[in-house]
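1. Got a sequence here, can you model it:
(chains A and B)
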Amino acid sequence: MVKYVLKRIVMGMLAIFILASVAFFMIHAVPGGPFDADSTEMSEEAYRNLEAKYGIDQPLYKQYWMYMTNLLHGDFGESLQYTGTSVADLIGRGIGATARLALCALIFSVVVGLTLGISASLRPDSGLDRFCTALSTIGVSLPNYVVAIILMFVFALKLKWVPVTGLDSYKCYFLPVIALSLNPIAHLTKLTKTSMIDALNQDYIVLAKAKGMKKFRVVCLHALKNALLPVVTYVGPLISSLMIGSFVVENMFTIPGIGKMLATSITMRDYTTLTGMVIFYGVTVIVIGIIVDLVYVLIDPRVKYD
Amino acid sequence: MPRIQKKLQVRDSELENRPVIVAPELLGKLEDSEKDSEFIAMEARTFLQDAWRKFKRNKLAVGGGIFLALFVLVIIFGPMLSPYTYDGIDLTNMNASPSLEHPFGTDALGRDLFVRVLYGGRISLTVGFVSALLNLLIGTLYGGTAGYIGGKVDQIMMRFVDIIYSIPTMLYVLLITMVFGSSLGTVITAIAISSWASMARIVRSQVLTLKEQEFTLAANALGASSKRILVKYLLLNSIGPIIVTATLNVPTAVFSEAFLSFVGCGVAIPMASWGTLSSDALPNVLTYPYQLFFPVMAICLSMFALNFIGDGLNSAFDPRRNK
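-> Numbers count the residues shown, from 1 in each chain, chains lettered A, B, ... in the order given. Here you go, the predicted structure:
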């Protein structure tokens, strides 16, 4: 077990290392230096000073070493767009909104997805089952910005039930959370349904029923407990999908989170912020992935540690 | 001659004890064509024929296929029939509503939206199909090699896949398109080289089980080369999961491209994919909702069609659903 945990952590660190290296070399593959545009009005000396300040005059391997050691200290460099503000500060400012939104969407999609999946598995071919199938088809076929647009158009602009942008009151959460969760709900419903149907066909369910157990007990204790195991593996991809989705949704609803900043850094060609945020996203997803894997091993004794 | 023969046999003793009641019209001579009817036989079908039969029975999947084929035809030939071009600016006719002249209306620069949506389809679907094809090539070769060689090489190759897999695809794609500029080629390459990990995993697990089977041993004993075994015996036999994964990769790639265009990293102007068209129309959605409606509908309909085809193929190729 300890060996498995260590192995997983080492793999995660390797992944982060590779992502950071890719980010570093990508940025350095861009032709031209960051101060080239200003250099016409700049004296040779000022240009040299600027290069020295940001360490650009150093050879590439030294810059790489510097970048990596800085990363280890949580220093993602300075934003090119807001001079004097570190990327870490920007992330700190945006993380609250993104985390709150992602957490709400996570809870919402798990609750709705599980409920729909379980109910559909109990009554195959009923109206509810068909509704769930339709929902999962629509959920995987609609890009989340389309969902966001439709929701915004109907509920915020036409019906005026909720505010269009911002994240000031609890009302603001409804639309972004639904837009974020539709795709995960589609996957979760489908996954829960199939694994519940599998579990309900097992011999121990027949035994439990034969012993005269109440249906509720059979479904919730015997079937669900076993059906949930494959669903847990989806949590990793779920988190990653919520993070990437937050990117679009935050822009649509003008929510001041990391996703919004990332998009701004793309339009402003702010490379340091972009790489910093990309690495931050990657690290978050990888760490959550490791935690999910470990939890999975803990709750399912059948999983081998290999 | 039919391949499976089974004679209907009745024991003589049973016949003797039974009163014979036969309608007289049945006692006539058999026609030549009827003489074989006591042999119960079914024509042998290949794996692909079997899958095709099952796929044909799935109405949604067939509908999706027909729709997509028509859609592709319209996308290819539609712009040739229209008098407008995708970048023809007409400032006297800005933001026109849908009419006979402009079926989808015009945008803020007076460009015909019908033609633009069709051109967008060319870009979006090209991105989808080409990157799914590249993905298939890379993933199949990588996973096949890892699974076939096995041992230490497999371990190392698959650890690398694990690492790639653990980071969201979109992050690589963003970095690549940011740095190398956002042309059609870079977008396709970026999506393809960052999304083959799951294909490699699927192919590897297929190859791992197939190479333990007797036919591989037989091929080996007969002296077939490694390349022949890998391609003809192992990869060709795992064609089902490969086709299914590749089909479902097309909508994912179209999705990724739409996402990229939406955040401003997609294929550069004046061409516009569906993602670009919808993000362009977004600021004026209240005044000109139709500018958003048509590209979004195009995305949704093709997504539905592709997903239906993928699901249909999935159940057609799944041996557990043999009915």
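2. Identify all contacting residues around stretch B:143-160.
-> A:11, B:142, B:161, B:199-208, B:211, B:226, B:229-230, B:234-235 (C-beta atoms under 8 Å, 6 or more residues apart in numbering or on different chains). The C-beta positions use only the backbone N, C-alpha and C, and glycine is treated the same way.
3. From those, list the buried ones, please.
-> Buried subset of the contacts of stretch B:143-160 (neighbour count, 16 or more other C-beta atoms under 10 Å in any protein chain shown): A:11, B:142, B:161, B:199-204, B:206-208, B:211, B:229-230, B:234-235.
4. What's the local residue count around B:Gly223?
-> By other C-beta atoms under 10 Å in any protein chain shown, the residues close to B:Gly223 number 7.
5. try B:Ser256
-> By other C-beta under 10 Å, 26 other residues sit near B:Ser256.
6. Next up, the contacts around the closest residue to it other than its chain neighbours.
-> With sequence-adjacent residues excluded and distances taken as C-beta to C-beta, 6 or more residues apart in numbering or on different chains, B:Ser256 is closest to B:Ile191, at 5.2 Å. When contacts are counted by C-beta under 8 Å, 6+ apart, B:Ile191 touches B:Val127, B:Ser131, B:Asn135, B:Thr169, B:Val173, B:Ala253, B:Ser256, B:Glu257.
7. So which of those is surrounded by the most neighbours?
-> When neighbours are counted by other C-beta under 10 Å, B:Glu257 leads these with 30 neighbours.
8. Would you mind listing what in the stretch 51-200 of chain A touches chain B?
-> Residues of the stretch 51-200 of chain A lying near chain B by C-beta under 8 Å from any C-beta of the partner chain: A:Thr137, A:Val140, A:Ser141, A:Leu142, A:Pro143, A:Tyr145, A:Val146, A:Ile149, A:Phe153, A:Leu157.
9. how far away is the fifth one from B:Gly64?
-> With distances defined as C-beta to C-beta, to the nearest Å, the gap from A:Pro143 to B:Gly64 amounts to 18 Å.
10. between the two, which one's more packed in?
-> More crowded of A:Pro143 and B:Gly64, by other C-beta under 10 Å: A:Pro143, with 25 against 22.
11. who touches that one in this structure?
-> A:Pro143 makes contact with B:Phe255, B:Ala258, B:Phe259, B:Phe262, B:Ile299, B:Met303, according to C-beta under 8 Å, 6+ apart.
12. Show the pLDDT at it.
-> The per-residue pLDDT reported for A:Pro143 equals 78.
13. Leaving out sequence neighbours, find the closest residue to the residue in the stretch 101-250 of chain A that chain B sits nearest to.
-> As assessed by C-beta to the nearest C-beta, chain B sits closest to A:Ser141 within the stretch 101-250 of chain A, at 3.9 Å. Excluding the flanking residues, the one nearest A:Ser141 by C-beta to C-beta, 6+ apart is B:Met303, at 3.9 Å.
14. name the helices or strands packed onto the host helix or strand of the one you found?
-> Assignment of secondary structure by DSSP states H and E places B:Met303 within helix B:289-317. With contacts defined as 3 or more C-beta pairs under 8 Å, 6 or more residues apart in numbering or on different chains; DSSP states H and E, the packing partners of helix B:289-317 are helix A:127-141, helix A:144-151, helix B:47-57, helix B:59-81, helix B:113-149, helix B:239-262, helix B:274-281.
15. Could you list every helix and strand in contact with the second one?
-> Helices and strands touching helix A:144-151, by 3+ C-beta pairs under 8 Å, 6+ apart, are helix A:174-200, helix A:235-252, helix B:239-262, helix B:274-281, helix B:289-317.
16. Tell me which of the ones you listed is the most buried.
-> Looking across the helices and strands packed on helix A:144-151 with neighbours counted as mean count of other C-beta atoms under 10 Å in any protein chain shown, the highest average goes to helix B:274-281: a mean of 25.
17. That one to helix B:113-149, inter-axis angle?
-> Calculated by axes from the mean of the first three to the mean of the last three C-alpha atoms, to 10 degrees, helix B:274-281 forms an angle of 140 degrees with helix B:113-149.
18. circling back to that earlier point, filter the buried ones among the contacts of stretch B:143-160 down to the ones in helices?
-> Those of the buried ones among the contacts of stretch B:143-160 mapping onto helices are A:Met11, B:Tyr142, B:Val161, B:Met199, B:Ala200, B:Arg201, B:Ile202, B:Val203, B:Arg204, B:Gln206, B:Val207, B:Leu208, per DSSP state H.
19. How about the last one, nearest residue that isn't a chain neighbour?
-> Read that as B:Leu208. Per C-beta to C-beta, 6+ apart, closest to B:Leu208 is B:Gly147, 4.7 Å.
20. The one you found and chain A: what is the separation?
-> For B:Gly147, the distance to chain A equals 16 Å [C-beta to the nearest C-beta, to the nearest Å].
21. Output the helices and strands packed on helix B:289-317 as TSV; include the columns distance to A:Leu229.
-> Formatted as TSV, those follow (distance: least, C-beta to C-beta, whole Å):
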stretch	distance to A:Leu229
helix A:127-141	20
helix A:144-151	28
helix B:47-57	30
helix B:59-81	30
helix B:113-149	26
helix B:239-262	23
helix B:274-281	37
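22. residues contacting the nearest residue to A:Met252 once chain neighbours are set aside?
-> Leaving aside its sequence neighbours, A:Met252 sits nearest to A:Ala148 (C-beta to C-beta, 6+ apart; 4.3 Å). Residues in contact with A:Ala148 (C-beta under 8 Å, 6+ apart) are A:Leu175, A:Pro176, A:Ala179, A:Val248, A:Val249, A:Met252, A:Phe253.
23. Next, the angle helix B:113-149 makes with the helix holding B:Met303.
-> Using the same axes, to 10 degrees: helix B:289-317 against helix B:113-149 is 30 degrees.
24. Just want the angle from helix B:289-317 to helix B:47-57.
-> Using the same axes, to 10 degrees: helix B:289-317 against helix B:47-57 is 130 degrees.
25. what's the spacing between helix B:289-317 and its chain's center?
-> Relative to its chain's centre, helix B:289-317 lies at 12 Å (C-alpha atoms, centre = their mean, to the nearest Å).
26. could you check the angle helix A:144-151 makes with that helix?
-> In terms of direction (the same axes, to 10 degrees), helix B:289-317 departs from helix A:144-151 by 130 degrees.
27. Let's test this: mean pLDDT of helix B:289-317, rounded?
-> What helix B:289-317 shows for mean pLDDT is 84.
28. again with stretch B:226-233
-> Rounded mean pLDDT across stretch B:226-233 is 84.
29. Could you do stretch B:79-92 as well?
-> In the prediction, stretch B:79-92 has an average pLDDT of 71.
30. in the helix or strand containing A:Ala23, what counts as buried?
-> A:Ala23 is part of helix A:2-29 when elements are defined by DSSP H and E. Neighbour-count burial for helix A:2-29, counted by 16+ other C-beta under 10 Å, picks out A:8, A:11-12, A:14-16, A:18-20, A:22-24, A:26-27.
31. and A:Pro256, what is it in contact with?
-> Neighbouring residues of A:Pro256 by C-beta under 8 Å, 6+ apart: A:Arg93, A:Gly94, A:Ala97, A:Leu167, A:Glu250.
32. The second one reaches A:Thr264, doesn't it?
-> No: distance between A:Gly94 and A:Thr264: 10.3 Å, which falls outside the contact criterion (C-beta atoms under 8 Å).
33. Quick check on those two: which one has the bigger neighbour count.
-> A:Gly94 (21 against 17).
34. ok, that one - contacts?
-> A:Gly94 is in contact with A:Pro256, A:Gly257, A:Ile258, A:Gly259, A:Lys260, A:Met261, counting by C-beta under 8 Å, 6+ apart.
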